[in-house]
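In: Below is the structure, and that's it, no one-letter string:
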């Protein structure tokens, strides 16, 4: 690393409880009707690897669509914002992050990168990778729960805040509004917010994206049960479940479920809990809300933002939105 390059990671989780409470979340979700498990527990090492495979599948258009927009519009986003730092929710060293950093560098604007992530390892890995590409880059990361952002880095400089990958779709309307209001409270009038939204489209396209022919998403979904078996001493038989992805038009969301193929009782020894599942009963493991321009506008307005720019890929599958604080 050249002189002047620096990595500083502030771990706010030392001051606050971790957002991960597998014991509590499993007890609550598997004792409720319908049964649920939070999607954040997909991402152990195996789950993260499977998700990387998913992003390259022909059915999974989201990553390609968002990258298409950034390849075309990153320079314009940067010109409109003139940021000195990129603050990204989720540690990114992949192509999408670099498209924004490159656009800033080309215009002589790039000073800092601020990853906000719950994983110190992911943030350190991203920082190490990026300073090899941008040797004069200053990295100031925050280790914490992105749904409750605070003390965001590079305050006092114009910042482009980025929430890519349509992760906002994993939040329900109340959570999304609360998250956006938290971001707004951290922003100045010089800052802008770039957000990815997956759009409503034909149900068959959506369902294929979450239930690919090769079965990688099914493995990813079933991996949740592996996590419970390993971490909580559960007795889930993965062969007794199947992956399902269904479009819920009423709530405008794709849902991923694990369906029990027979009546069964599962012991979770670390919780002293027995879970009864009827044949055909499901455990919902993910919700991914899909948006229209109208619903995005309504969400931003409720959270105190003004929509400055709306850009989609050529197929109209995905949108990147540039927003600012409204008066």
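Out: Arrived safely. Because the structure is predicted, anything quoted here is derived from the model rather than measured. Residues are numbered from 1 along each chain as shown.
In: State the pLDDT value of the closest residue to residue 148 other than its chain neighbours.
Out: Excluding the flanking residues, the one nearest residue 148 by Cβ to Cβ, 6 or more residues apart in numbering is residue 182, at 6.2 Å. (Each C-beta comes from the backbone N, C-alpha and C, glycine too.) pLDDT recorded at residue 182 is 93.
In: again with residue 40
Out: 88.
In: Give the burial count for it, as a bare number.
Out: Neighbour count of residue 40, defined by other Cβ atoms under 10 Å: 14.
In: Next: residue 222.
Out: 19.
In: you'd agree it is in a helix?
Out: Yes. Assessed by DSSP: H, G, I helix; E, B strand; the rest coil, residue 222 belongs to a helix.
In: Settle this for me: it is touching residue 243, isn't it.
Out: Yes. Here residue 222 lies in contact with residue 243, judged by Cβ atoms under 8 Å, at a distance of 6.4 Å.
In: who touches both of the two?
Out: Shared contacts of residue 222 and residue 243 (Cβ atoms under 8 Å, 6 or more residues apart in numbering): residue 258.
In: Report the residue spans of this protein with pLDDT below the cut-off.
Out: Within the chain, the segments meeting pLDDT under 70 span 1-5, 14-19, 92-93.
In: per the record, what domains does it have?
Out: Using automatic domain parsing, the domain parsing of the chain gives 22-57+203-289, 61-199+291-325.
In: Pick the most deeply packed of the ones you listed.
Out: domain 61-199+291-325 (a mean of 19; mean count of other Cβ atoms under 10 Å).
In: What's the end-to-end length of that one?
Out: Taking Cα to Cα, to the nearest Å, domain 61-199+291-325 runs 30 Å from one end to the other.
In: measure residue 117 to residue 326 for me?
Out: Residue 117 is 28 Å from residue 326, where distance means Cβ to Cβ, to the nearest Å.
In: Same check on residue 37?
Out: From residue 37 to residue 326 the distance is 36 Å (Cβ to Cβ).
In: try residue 122
Out: Computed as Cβ to Cβ, the residue 122 to residue 326 distance reads 32 Å.
In: likewise residue 141?
Out: Going from residue 141 to residue 326 by Cβ to Cβ gives 29 Å.
In: same deal with residue 87?
Out: Per Cβ to Cβ, residue 87 is found 20 Å from residue 326.
In: For residue 90, grab phi and psi.
Out: Dihedral pair for residue 90: phi 100, psi 130, per degrees, to the nearest 10.
In: who touches stretch 97-104?
Out: The contact list for stretch 97-104 (Cβ under 8 Å, 6+ apart) reads 67, 70-71, 74-75, 77-78, 83, 86, 88, 110, 113, 126, 130, 133-134, 137, 160, 162, 164, 194.
In: I'd guessed residue 96 sits against residue 70; true?
Out: Yes. Assessed by Cβ under 8 Å, residue 96 is found in contact with residue 70 at 5.6 Å.
In: In the stretch 1-150 of the chain, what residue spans correspond to helices?
Out: Taking DSSP state H, counting those that start in this stretch, the helices of the stretch 1-150 of the chain run over residues 22-30, 45-54, 62-81, 95-106, 120-133.
In: I'd like those laid out as JSON lines, including distance to residue 236.
Out: What follows is those, written out as JSON lines (distance: least, Cβ to Cβ, whole Å):
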{"stretch": "helix 22-30", "distance to residue 236": "10"}
{"stretch": "helix 45-54", "distance to residue 236": "15"}
{"stretch": "helix 62-81", "distance to residue 236": "28"}
{"stretch": "helix 95-106", "distance to residue 236": "34"}
{"stretch": "helix 120-133", "distance to residue 236": "27"}
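In: how far out from the middle of the chain is stretch 77-97?
Out: Stretch 77-97 sits 15 Å away from the centroid of its parent chain (Cα atoms, centre = their mean, to the nearest Å).
In: Let me fix that, I meant to ask about stretch 8-28.
Out: Stretch 8-28 has its C-alpha centroid displaced from the chain centroid by 17 Å (Cα atoms, centre = their mean).
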